[in-house]
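Undergrad: here is the input, now give the coordinates:
(chains A and B)
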Protein chains: 2
Amino acid sequence: MCFHKNHRVITATASILALLLIVQLFLIAPNVAAQMQANSWEEKFRAIPRADLLKEYMRTLSAEPHHLGSAQDKKNAEWMRDKLKSWGLDAQLEEYNVLFPTPKERVLEMIAPEKFIAQLKEPGIAEDPDSTDANQLPTYNAYAADGDVTAPLVYVNYGIPADYEVLEKLGVRVKGKIVIARYGASWRGIKPKVAYEHGAIGCLIYSDPKEDGYYQGDVYPQGPYRNETGVQRGSVMDMPIHPGDPLTPGIGATKDAKRLAREDAKTILKIPVLPISYGDALPLLKRLRGAIVPEAWRGALPITYHIGGNEDVKVHLKLSFNWNQATVYNVIARIAGSTYPDEWIIRGNHHDAWVNGADDPVSGMVALLEEARAFGELLKQGWRPKRTIIFCAWDGEEQGLLGSTEWVEHHAAELTQKAVAYINSDSTGKGTLGMSGSHTLEHFMNDVARAIPDPKGKGTAWEAVRAAREKAATTDEAKRELRERGDLRIGALGSGSDYTAFIDHLGIASLNLGFGGEGGGGIYHSIYDSFAWYTKFSDGDFTHTRALAQAAGTATMRLADADILPFEFTNLAGTIDNYVDDVTRLAAMNNAASGIDLQPLRVAANNLRRNADVYDRALRTAALSGKKLEDVKALNRLLYQSERKLLSDAGLPRRDWFKHQIYAPGFYTGYGVKTLPGVREALEQKNWSEAAAQVMVISKTLDAMSAQIQAAAEKLQVK
Amino acid sequence: MCFHKNHRVITATASILALLLIVQLFLIAPNVAAQMQANSWEEKFRAIPRADLLKEYMRTLSAEPHHLGSAQDKKNAEWMRDKLKSWGLDAQLEEYNVLFPTPKERVLEMIAPEKFIAQLKEPGIAEDPDSTDANQLPTYNAYAADGDVTAPLVYVNYGIPADYEVLEKLGVRVKGKIVIARYGASWRGIKPKVAYEHGAIGCLIYSDPKEDGYYQGDVYPQGPYRNETGVQRGSVMDMPIHPGDPLTPGIGATKDAKRLAREDAKTILKIPVLPISYGDALPLLKRLRGAIVPEAWRGALPITYHIGGNEDVKVHLKLSFNWNQATVYNVIARIAGSTYPDEWIIRGNHHDAWVNGADDPVSGMVALLEEARAFGELLKQGWRPKRTIIFCAWDGEEQGLLGSTEWVEHHAAELTQKAVAYINSDSTGKGTLGMSGSHTLEHFMNDVARAIPDPKGKGTAWEAVRAAREKAATTDEAKRELRERGDLRIGALGSGSDYTAFIDHLGIASLNLGFGGEGGGGIYHSIYDSFAWYTKFSDGDFTHTRALAQAAGTATMRLADADILPFEFTNLAGTIDNYVDDVTRLAAMNNAASGIDLQPLRVAANNLRRNADVYDRALRTAALSGKKLEDVKALNRLLYQSERKLLSDAGLPRRDWFKHQIYAPGFYTGYGVKTLPGVREALEQKNWSEAAAQVMVISKTLDAMSAQIQAAAEKLQVK
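TA: Below you'll find the model as predicted:
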């Protein structure tokens, strides 16, 4: 789906500069010669990825539309499998069968005050040969309902819950009406879901030029931004309930899996939903009457924005879909570990696109391929990773993380035992390295970024990120932290790409990487996400793409070859402290919440911090001793299993597939992460009894993590 | 020109609630019977103005285009003179001869990258019969230079000095180019002046729909806002140098006055300037290339805004004017004072319009007429004002305050002796009462507003203003002040209407009044400022217009009939304290300014406050004594002459016509007021030696005011 290109700069307090040096020392100390060799392999690795090959892979993989279920999708999977094999990896396709609706009929017309028939079509343009390819999926939202509705139209701004509070104050109801929302402020699937909860019978989603068009910059093909015909396709499956095949929640969608009836599937929407261009939206919005919208609701179309909702403007929306099964082709390639073959480092990126997808997902996919080719080279030179490395090219990500979710569900038992970490990417652009993931890997990831040359040619990728964050920092506190804290903060993971099942369902520590923040764009999920666009407006010289391969590959190698796995807990504890502060403030904003005792959370967080410090000191002592650990395997198991302790079996309220108690995609934000979601969302929904209950759930979870860390610290006792 | 409809809410500190009661008590005490009678006249007065007559006057006065020099302009003047006479006032026309250029030729075309010829025309619309009237002045900016230039076009945002700093950072020069600026952020005349200072050879000014069009609301005739053909005409005379006839600075433009040669006139611009609609601006702006503008520079046109400035877009601008003399017809009507005929209360509004001008100026003009009719009624019933009242309907205001300025200059000697105060209005709309003026009249004006029923029918006009300001207040401090300070603050006067010569040139205490803040509009200086527009979208039932007549008439009556003139000084002293704080902060922002000693200003302000308090106590003591003053005439003369003490003979640097040392229109903002202008503008221009010198000038001025107040306090000593 999408890698969030605007890295959030997150603020906090602690400084742990010293730790870095100590741990590096420690990693070297036990077996200096082996480690020197390891470093040398790493350097060899980083020299291998080539811009020209990355470009050629992209040309190949983005040459034709290759969405789930298309002939080209399968061809791309086979091509990658064969490439991986040719590089010496053990590669194969793993298939699943999933529900994938494609449009049978799409009609959008205004019937009053005048007739207007929406185009619902992105025209090809001469400058971009791929834009006229055959077999493009039409513009639509997958997993919207079939429907044929005619009703007044209401403009609902972004269509998030806060917007309906404004509508209520204005006395406007959407019950029985069709809403039109602009993209932005939430994941798209939230908009029709909230509209449905308020009684709407249909939903249009359009790209307003304010956020996604000429207001941002010149439009394609003159510039990189969305033009008036560009449409953002995308899934509206109710993924905050669960991602993956709607008919096989919690289990792999193998041929013989037990399936729900379609009408029982919880993640298929109940109303028709259609994405449209601003060219198609303008004639509708222009005609709306009723109240003039508040200033914050105004976009950049050349009109006075009105709420509408009366009989003046009526639209007819008719959608029907082919509710077919499609085959997911995941490409899975392995390099067996030499010492710990049952400890797996998994690296993934999806390969399916909505159309040609040069940016999303091919730019990230080609980085992964170069990592695999480079590892193949190293294998030929004698390198053997201690742990097993698994490269995954996922299919059906765009529809709802289908390929990764089904694979994770299918292999859940084994993954729970063996998976050390998952490293994801999903498209990459120009700018600086975006890093998010499990905070047990925050310090590790900072170290990796310090080893990657900045693609702009000056210093390291880490330094470039810090410089960009310093430039963007608006408060003195944020600037001070950037100067004084040893590590850059990494963002928490919400949803929106293939790490979701790994971290949220199974508790496998995950990272998500990709360059972004420069150049801008507006071809997301349109036919203009093409080789021509990418090479002209994004990372045309593939320097950033190469740097992504270097970063993700270095992370993979370090995890695969580490003596002691580089999980650490002080950054996690500090971050959780901040989250507890957040929910405390949230509770304080509402008097009614004053009865909720947040003390157990604070106690558990303090306990976590103490244990994190104990582990830290133990690691330092062990490092300085220079002696070999007795049972490093048991220690490592405790370490990589630690993220599992952040799960609760019961899962989150009303969505038990989501088991992680620290991170989850927001029920009403979609991609956007909610941290300590059980408590935070209960407070937001003013469900006080649930908030109180969830305080206990999270506290217990944190205590389990503390116990795990304590056990790991004990394993560090050198005899 | 324009009454600023968005009243500024000004913040401050002191609370003087008690004073109000005491002064009211005092006004009643000396001669309770006479005062009761006065109150009863006031109440009689306020009952007289009629909405139906206001509407009829407007229908008559806005029926045809009536700009300076037009046949209808003279007819309107004569019609008003005759009306005033019929009501029993001594009315006559006073004529001046002024330079008034009208367009001979206007061409604006884009010659590259493609040909486009601008319309430069506002089409008539069926819903508005006046919009198709004959004899409309074309769209143009008066006092722009003749010129025929062809050059690349550069977008300069609002075209104020700060925008050129941004351009310099972007490496864009305007030398030898034509600039296009949007209306807003300054008075229009500043834009070409600053462009010329930077070397531009032509200037276009357009109304961007962000500030003045569909972004604000529905456009005419569907709504009140500016449509794509609407153009804001207006003067670009360099009025911050001096207003009035460019050929007769400082003297009345009588037939035989000594005139400058046109080429020696300082207030005629040096480059061609043309105002255009957003319909005409769009094709030009759309074609601009070069850098994309900063976000704050983006308007609401459906394009990506670029700076331009290269050879891609070239425009041809050709303007020539008929540089003719025109006759100004001021209507001057008098009611002789019974007790103090040589103390004059002057009430004015202009009558000329750019086109039909139902809003600007007729809405204010008709209020003045009803005041005059009401006074005529009272005269018939036996009322005789103690002081002389002069009603003025000014001509040629739109071109540069010509009528009022020439009259003031012509009668300067007599006005300096006799003028007690000037009360201005200039169009009025819906909403709350806007009040600005001399702070010696702040308390007085608050009292007047407390006597006026709110046109919405609840409470007083004063209460409505306070409620609106409380609603708009964004800080706790501002809210607290609104609750605790007895008086609402009134704004300082900048320029933009006919009070300018009175206050800034002669130091006659002035007020400017008008309702506004609701309804919105976008017909300013266009053909759509019509009876149809006003009655549909502005004060269609004329309740606010009537309330303006009540407010301005009550103020006029109270000043005319007061035993002791209601000038007071504590509010002035508090306000000047705030201004001194402002310039102190301004100086502190720049290290280089640290050598400037602002202490003399602070000392003078403190001295002023002490003397204001002394006067205040003396007034209170006199009030409580219940005795008659010995020489009330001498006291009153000291009081109304006090504003003269705020002048400096030498005037402001580089513009000696402006003699007031506390208020002036900004040299680089135009209408916008600069308080303590000598010091403030020198600091802004980083002219440290001038700032230091001006500190002494203002301090001396304040000391003169203190001495005057002290003298007045002495006159209050009851024998």
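Undergrad: from here on, just use CA atoms for contacts and neighbour counts.
TA: Noted.
Undergrad: which ones are touching the nearest residue to A:Glu109 once chain neighbours are set aside?
TA: Closest residue in space to A:Glu109, ignoring its immediate chain neighbours: A:Ile117 at 4.3 Å, by C-alpha to C-alpha, 6 or more residues apart in numbering or on different chains. Listed by C-alpha atoms under 8 Å, 6 or more residues apart in numbering or on different chains, the contact set of A:Ile117 reads A:Val107, A:Leu108, A:Glu109, A:Met110.
Undergrad: what bridges to the third one?
TA: In other words, A:Glu109. Beta bridges link A:Glu109 to A:Ile117, A:His316, judged by DSSP bridges.
Undergrad: list the residues that contact it.
TA: Taking C-alpha under 8 Å, 6+ apart as the test, what A:Glu109 contacts is A:Lys115, A:Phe116, A:Ile117, A:Ala118, A:Val315, A:His316, A:Leu317.
Undergrad: what about the fifth one, how many residues close to it?
TA: Read that as A:Val315. A:Val315: 23 surrounding residues under other C-alpha atoms under 10 Å in any protein chain shown.
Undergrad: next one: the last one
TA: If you count neighbours by other C-alpha under 10 Å, A:Leu317 ends up with 23.
Undergrad: quick check: it touching A:Pro152?
TA: No - using C-alpha atoms under 8 Å, A:Leu317 is not in contact with A:Pro152; the gap is 11.0 Å.
Undergrad: what residue ranges in the stretch 301-450 of chain A are flagged as low confidence?
TA: The model of the stretch 301-450 of chain A has no residue with pLDDT under 70.
Undergrad: low-scoring stretches of the stretch 501-650 of chain A, by residue?
TA: Those would be none, if you go by pLDDT under 70 across the stretch 501-650 of chain A.
Undergrad: hey, where'd the helices end up in it?
TA: A:531-537, A:543-561, A:570-588, A:599-625, A:632-641 (DSSP state H, counting those that start in this stretch).
Undergrad: which residues belonging to the shortest one are considered buried?
TA: Using 16 or more other C-alpha atoms under 10 Å in any protein chain shown as the test for burial, helix A:531-537 gives A:Phe531, A:Ala532, A:Trp533, A:Tyr534, A:Thr535, A:Phe537.
Undergrad: which one of these is nearest to chain B?
TA: A:Phe537 (15.4 Å; C-alpha to the nearest C-alpha).
Undergrad: which parts of the stretch 301-450 of chain A are helices?
TA: Going by DSSP H, counting those that start in this stretch, the stretch 301-450 of chain A shows helices at A:364-381, A:397-400, A:402-410, A:412-418, A:442-450.
Undergrad: pick the most buried one from these.
TA: helix A:397-400 (a mean of 28; mean count of other C-alpha atoms under 10 Å in any protein chain shown).
Undergrad: pretty sure A:Asn636 contacts A:Leu565?
TA: Yes - using C-alpha under 8 Å as the test, A:Asn636 is close enough to A:Leu565 to be in contact (5.8 Å).
Undergrad: show me what contacts the residue of the stretch 1-150 of chain A found nearest chain B?
TA: Closest to chain B within the stretch 1-150 of chain A is A:Pro113: 15.4 Å, counting by C-alpha to the nearest C-alpha. Contacts for A:Pro113 (C-alpha under 8 Å, 6+ apart) come out as A:Arg287, A:Asp312, A:Val313, A:Lys314.
Undergrad: burial count for the second one?
TA: The one in question is A:Asp312. 16.
Undergrad: ok, it - contacts?
TA: A:Ala112, A:Pro113, A:Pro152, A:Arg287, A:Leu288, A:Arg289.
Undergrad: by neighbours, which of the contacts of A:Pro113 wins?
TA: Going by other C-alpha under 10 Å, A:Lys314 tops those with 26 neighbours.
Undergrad: thought that one was touching A:Gly176?
TA: No - with contacts counted by C-alpha under 8 Å, A:Lys314 stays clear of A:Gly176, the gap being 11.8 Å.
Undergrad: now the common contact residues for the two.
TA: Going by C-alpha under 8 Å, 6+ apart, residues that sit against A:Lys314 and also against A:Gly176 are A:Ala151.
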